[in-house]
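Visitor: please work out how this folds:
(one chain, ligands or ions: 1)
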Amino acid sequence: MKLAALLLTATAALAAPASAPLVVAHRGASGYLPEHTQAAKVHAHALGADFLEQDLVLSKDDVPLVLHDIYLDTISDVAARFPGRQRADGRFYALDFTVAELKQLQVRERFNARTGEPVYPKRYDSKATPGVFRISTLDEELQVIQGLNRSTGRVAGIYPEIKAPRWHRDQGRDLSRVVLPILARYGYATKADACFLQCFELSEVRRLRGELGWKGRLIMLIGGGAKEVDGTDYGALCTPAGIKELAGLVDGIGPAISRIVTWPPAGGAPKFTDLVRLAHESGLAVHPYTIRIDDLPRNCPSADALHAALFATARVDGVFTDFTDRTAAWLRRAGSRP
Ligand code: CA
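Guide: Residues are numbered from 1 along each chain as shown. The predicted structure follows:
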């Protein structure tokens, strides 16, 4: 190895946080149970996740729900149960239903609303257990997590995401303003608390830190595409100037894996960007998304190769994974986890 490369490696190692990489259960143990259900969260806690993710959207009665989409028609039987309640675009929106109505829905493994086919065919077969799973509110989910933290003696943190804040505000709603007091009520308010708040929209991230006064840890998500609906320019955020600017605002970044590493089509060595090094030099943690054992990045040869690229080579500080147990096991084999 050339001296410059050695120095670079040493600098990166020094700049990286010393703690072991975090395993973030993406939508819970979503590789094994329908995403964001209570069962998926309980299972992820049992599998040893360090943090459990909550995607948040609002109900008609302004209650934060743990749901990935503003829509209901790809994870529930809403179309059959509430015919005629879709909007002009044919979609059923969580915002158009009260919690009392939402609680009547049967939650299923994610599926294509047009074909009814599951997105991940090898995962949980919801048809075998109709009626078992329900949508959770943020309150309910935090109560279960804190109950498990108490009964197991092992604290799993939370990783809530403010979903589509621009869209909510266009609808006359303010998701962040509803969520922050609930987090505070459960003890998540400062950087010492086991919580990372995340968002894809830079304008909302600024608002969380400024106008809304969020004092806890904050993660700027960085999509794989060019821009976010609020105009956030993801390419610009990944430049040295963009990262420097973020360093004054957030505690870390949550980039798409493709912003860190890609694999060439003909096989061969993965190609790395300098994003992790840039972030670490500015003191930012890096938590990329998402490890899916059954849906690896394009041309990535194996789950082991993916874990090695992210943890051993790129030296990320944590990762969102649908498979908490598989990621934790890889880290244990690498000596990064007890
Ligand atoms: Ca998310």
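Visitor: now do the strands in this structure.
Guide: With strands called from DSSP state E, the chain shows them at 22-25, 51-58, 64-66, 157-162, 196-199, 217-222, 252-255, 261-262, 271-272, 285-286, 318-321.
Visitor: listing partners with orientation, what would you give for the second one?
Guide: Taking DSSP bridges as the criterion, strand 51-58 sits next to strand 22-25 (parallel), strand 64-66 (antiparallel), strand 157-162 (parallel) in its sheet.
Visitor: could I get the average pLDDT for the last one?
Guide: Taken as a whole, strand 157-162 has a mean pLDDT of 99.
Visitor: now do the first one
Guide: The average pLDDT within strand 22-25 is 98.
Visitor: near the ion at all, it?
Guide: No: Strand 22-25 lies out of reach of the ion by C-beta under 5 Å from the ion, never closer than 9.5 Å. Where C-beta positions appear, they are placed from N, C-alpha and C, glycine not excepted.
Visitor: residues in contact with that strand?
Guide: Outside of strand 22-25, the residues that reach it under the criterion C-beta atoms under 8 Å, 6 or more residues apart in numbering are 40-41, 44-45, 47-53, 159, 287, 317-321, 324, 327-328, 331, 337.
Visitor: same thing with the longest one?
Guide: The set of residues that contact strand 157-162 without belonging to it, under C-beta under 8 Å, 6+ apart, is 24, 50-56, 138, 142, 145, 175-176, 179, 183, 188, 193-201, 204, 208, 221.
Visitor: okay if I get the strands paired with strand 51-58 as a markdown table plus mean neighbour count?
Guide: Rendered in a markdown table, the data for those read as follows (neighbours: other C-beta atoms under 10 Å):
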| stretch | mean neighbour count |
| --- | --- |
| strand 22-25 | 26 |
| strand 64-66 | 26 |
| strand 157-162 | 24 |
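Visitor: looking at the ones you listed, which is closest to N112?
Guide: Nearest to N112 among the strands paired with strand 51-58 is strand 64-66 (21.7 Å), distances taken as C-beta to C-beta.
Visitor: any idea how far that closest one is from the middle of the chain?
Guide: Its chain's C-alpha centre lies 14 Å from the corresponding centre of strand 64-66 when counted by C-alpha atoms, centre = their mean, to the nearest Å.
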